[in-house]
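> Sequence and computational prediction follow.
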Amino acid sequence: MHEMGIVLHLAKTLDETAAQEKLTRIGSVTLSVGEVSGIMTDLFEDCWNYFRGRHPLLKDAVLKIETAPAVTFCGSCERTYPTVQYGRECPYCHSGETWLLTGNECIIKEIEAEGGEEQEE
Amino acid sequence: MRIIELGASVTASNDADARALRMRMRESGVLLINLMSAAGSGKTTLLSRLIRDLKELRVGVMEADIASSVDAERIEALGARAVQVHTGGMCHMDAGMTAAAVEALGTERLDLLFLENVGNLICPAEYDTGAGKSIMLLSVPEGDDKPLKYPLMFRESDAVIITKTDTAGYFDFDQERCRERIRRLNPRAEIFPVSAKTGEGMEALERWLREALREWRGAEAARPAKGEDADA
């Protein structure tokens, strides 16, 4: 299952961050998921909730998912347009010479965590 | 609680594993090739033909599948070194699994090492396996519209092999239209129409593979890590 694989990679990246920053607990993880990344966010959350119960560092980690809009650039008329609405064909000049600019990514924006060097108030 | 801004890709740990494996492969002088396609597009048949044709090269194969070891047995019967990898239900190989498989097979006395990825046109394209080259197969019966449906894999591949060209008479596969669709996604991709059954088109593909190996080793001598250690 694709979403479970992504959860495992996410956990590994968080483990590495925790080791570097000497974190003991992660309270939340905020992801930025592109509209056309192919990730099904509700299924992803189910996988996350299954996994975190088995992983002490992430036991209390709430997953926050922000959706990042997909934008396509047209090489013929050099305009940009929303990908989800119009797909590969430019709505202005109907060219197919188009490239996805953003919307395919899955980025860990930030995490809330305890441990390590807490910042002074 | 404090907030740590990461801005890292979810697969950042995989990308690091992939860079490490690619460096290792460069040092060993073995070209690792990630072979991707849908199930039933003829990966194992193509590999069998390549092993027979590329007699002067020592070929290893890592067969990734969710279950069974039928493919590895077919390859071993041809005298090549093979290892079966089970992904444990996962739909793709990542760099960590690939590195473990390379470890199990060993890189000594090898020139080309193929990773036969899980048969699937979606997920394998999303994970850098650490391979030096990525190749995808599209068989004639699958249809010439596949670049439209699965653009990422076509974009990520260094070469696209159109397989089973001997069946062209039975299917409405327009090779020119398919080439145009692939070029639109990935102008750099080499396209090789072949029939592993009749041998048609195999020569051009084999020339490309020999050249890729030569380049890989040349690059190794000239630039040991191709700048990959800079951000590791």
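Cool, the structure landed.
> On the three-state scheme, residue 113 is what?
If you meant another chain, say so; for now it's chain A. Following DSSP: H, G, I helix; E, B strand; the rest coil, A:Ala113 is assigned to strand.
> Can you look at chain B instead?
Put simply, B:Leu113 is strand when judged by three-state DSSP.
> Does it touch B:Glu103 like I think?
No: B:Leu113 lies out of contact with B:Glu103 (CB atoms under 8 Å); the separation is 12.0 Å. (C-beta placed from N, C-alpha, C; glycine too.)
> Of those two, give the one with the bigger neighbour count.
Set side by side, B:Leu113 and B:Glu103 show more neighbours around B:Leu113, with 25 against 12, by other CB atoms under 10 Å in any protein chain shown.
> Which residues of chain A lie near chain B?
Residues of chain A found near chain B, taking CB under 8 Å from any CB of the partner chain as the criterion, are A:1-2, A:4-6, A:9-10, A:12-13, A:16-17, A:21, A:23, A:27, A:31, A:38, A:88, A:96-97, A:104-114, A:116, A:118-119.
> Please repeat the previous calculation with a cut-off of 7 Å.
A:1-2, A:5-6, A:9-10, A:12-13, A:16-17, A:21, A:27, A:31, A:38, A:96, A:106-114, A:118-119 (CB under 7 Å from any CB of the partner chain).
> Let me see the ranges of the strands in the chain.
This is for chain A. Along chain A, counting by DSSP state E, strands occupy A:23-34, A:62-68, A:71-74, A:80-82, A:98-102, A:106-115.
> nope, chain B please
So, for chain B - with DSSP E - the strands run B:2-9, B:31-37, B:59-65, B:81-86, B:112-116, B:133-139, B:159-163, B:190-193.
> and A:Arg79, which of those is closest to it?
Proximity to A:Arg79, assessed across these by CB to CB, is greatest for strand B:2-9 (28.0 Å).
> Which elements pack onto the closest one?
For strand B:2-9, the packing partners by 3 or more CB pairs under 7 Å, 6 or more residues apart in numbering or on different chains; DSSP states H and E come out as helix A:2-21, strand A:106-115.
> let's see it at 6 Å
Applying 3 or more CB pairs under 6 Å, 6 or more residues apart in numbering or on different chains; DSSP states H and E, one finds that strand B:2-9 contacts strand A:106-115.
> Just the mean pLDDT for the strand it packs on, thanks.
Average pLDDT, strand A:106-115: 93.
> Count residues in the vicinity of the closest residue in space to B:Ser28 that isn't next to it in sequence, would you?
Nearest non-adjacent residue to B:Ser28, counting by CB to CB, 6 or more residues apart in numbering or on different chains: B:Thr107, 4.3 Å away. Look at B:Thr107: counted by other CB under 10 Å, it has 16 neighbours.
> pretty sure B:Thr107 contacts B:Glu27?
No: judged on CB atoms under 6 Å, B:Thr107 makes no contact with B:Glu27 at a distance of 9.2 Å.
> hang on, the earlier thing: check the strands of chain A for me: which has the lowest mean pLDDT.
Looking at the strands of chain A, the bottom one is strand A:98-102 with a mean of 89.
> Other residues contacting that one?
A:Val71, A:Thr72, A:Phe73, A:Cys74, A:Arg88, A:Cys90 (CB atoms under 6 Å, 6 or more residues apart in numbering or on different chains).
> how many other residues sit next to the nearest residue to the first one once chain neighbours are set aside?
Closest residue in space to A:Val71, ignoring its immediate chain neighbours: A:Leu101 at 4.7 Å, by CB to CB, 6+ apart. A total of 12 residues lie near A:Leu101 under the criterion other CB under 10 Å.
> roughly how far apart are A:Leu101 and chain B?
Going from A:Leu101 to chain B by CB to the nearest CB, to the nearest Å gives 14 Å.
> Quick one: name the residues of chain B near chain A.
Counting by CB under 6 Å from any CB of the partner chain, the positions of chain B adjacent to chain A are B:1-6, B:8-14, B:90-91, B:123.
> Make a ChimeraX selection of the buried ones in those residues.
Typed into ChimeraX, the next command selects the buried ones out of the residues of chain B next to chain A (criterion: 16 or more other CB atoms under 10 Å in any protein chain shown):
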select /B:4,6,8,9,10,11,12,13,14,90,91,123
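> most distant residue from the middle of chain A?
Distance to the chain centre peaks in chain A at A:Cys93, reaching 31.8 Å (criterion: CA atoms, centre = their mean).
> Which residue, other than its chain neighbours, is closest to the residue nearest the centre of chain A?
Central residue of chain A (CA atoms, centre = their mean): A:Cys106, 3.0 Å from the mean position. Spatially, and ignoring its direct neighbours in sequence, A:Cys106 is nearest to B:Val10 (4.5 Å; CB to CB, 6+ apart).
> In contact with the closest residue to B:Leu6 other than its chain neighbours: list those residues for me.
Of all residues beyond its chain neighbours, the one nearest B:Leu6 is A:Ile108 (4.5 Å), with distances taken as CB to CB, 6+ apart. A:Ile108 sits next to A:Leu31, B:Leu6, B:Ala8, B:Val10 when contact means CB under 6 Å, 6+ apart.
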